[in-house]
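Chemist: Okay, predicted coordinates and the sequence, questions at the end:
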Amino acid sequence: MKKTYKRYSEAFKRQVVAEYEAGISVNGLQKKYDIRGSGTIAGWIKKYAREGFRHELIRIQTKDEIQRIKTLEKKIEELEQALGKVMLEKMKLESIVEVLEESYGVEIKKNEALSSNDLQTKSKTSKGK
């Protein structure tokens, strides 16, 4: 089954925006022209309208909600910083592994946990070859 995609001409988009500016609601235009995308007409309005949307979003929140949002934003910032530190530590450890592999001629596999005795044994056998 093939999907059908609708492509609208610029002239059609401008006509729809003009009707919006004349007072017809977005829902009315969606029904009139069978436009199913919820943000389709809104995007056209942003792009082609002289005044933009006729309404402005005003968010009304309680003090508790505002404080919770601030707390969550702070937590996000802390987590992003922690992630950055972990990524740097990971890069550092990977670099150390590469140097060890080059210096001792030992291949260290990521999925294999070797003890220090195993490393010494492998190092001695690879040097003796």
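Modeler: That came through, no problem.
Chemist: who does the longest helix along the chain touch, helix- and strand-wise?
Modeler: Looking only at the chain and at elements set by DSSP state H, the helix with the highest residue count is helix 63-104. Of the remaining helices and strands, those touching helix 63-104 by 3 or more C-beta pairs under 8 Å, 6 or more residues apart in numbering; DSSP states H and E are helix 116-128. Yep, even glycine has a C-beta here, placed from its N, CA and C like the rest.
Chemist: average pLDDT for the helix it packs on?
Modeler: The pLDDT scores in helix 116-128 average 54.
Chemist: Please apply the same query to stretch 49-56.
Modeler: Stretch 49-56 comes out with an average pLDDT of 66.
Chemist: ditto for stretch 79-99
Modeler: According to the model, stretch 79-99 has a mean pLDDT of 94.
Chemist: Centre-most residue in the protein?
Modeler: With distances taken as C-alpha atoms, centre = their mean, the residue of the chain nearest its centroid is residue 80 (13.4 Å).
Chemist: and the protein, what are its domains?
Modeler: Domain assignment for the chain by automatic domain parsing gives 10-48, 64-110+123-128.
Chemist: With respect to residue 58, which of those lies nearest?
Modeler: Set against residue 58 and scored by C-beta to C-beta, these come closest in domain 64-110+123-128, at 14.0 Å.
Chemist: Now do the longest helix of the chain: distance to the chain's middle.
Modeler: The chain centre lies 17 Å from the centre of helix 63-104; the measure is C-alpha atoms, centre = their mean, to the nearest Å.
Chemist: Let me know which of the domains of the chain is tucked in deepest.
Modeler: The highest mean neighbour count among the domains of the chain belongs to domain 10-48 (a mean of 14), with neighbours defined as mean count of other C-beta atoms under 10 Å.
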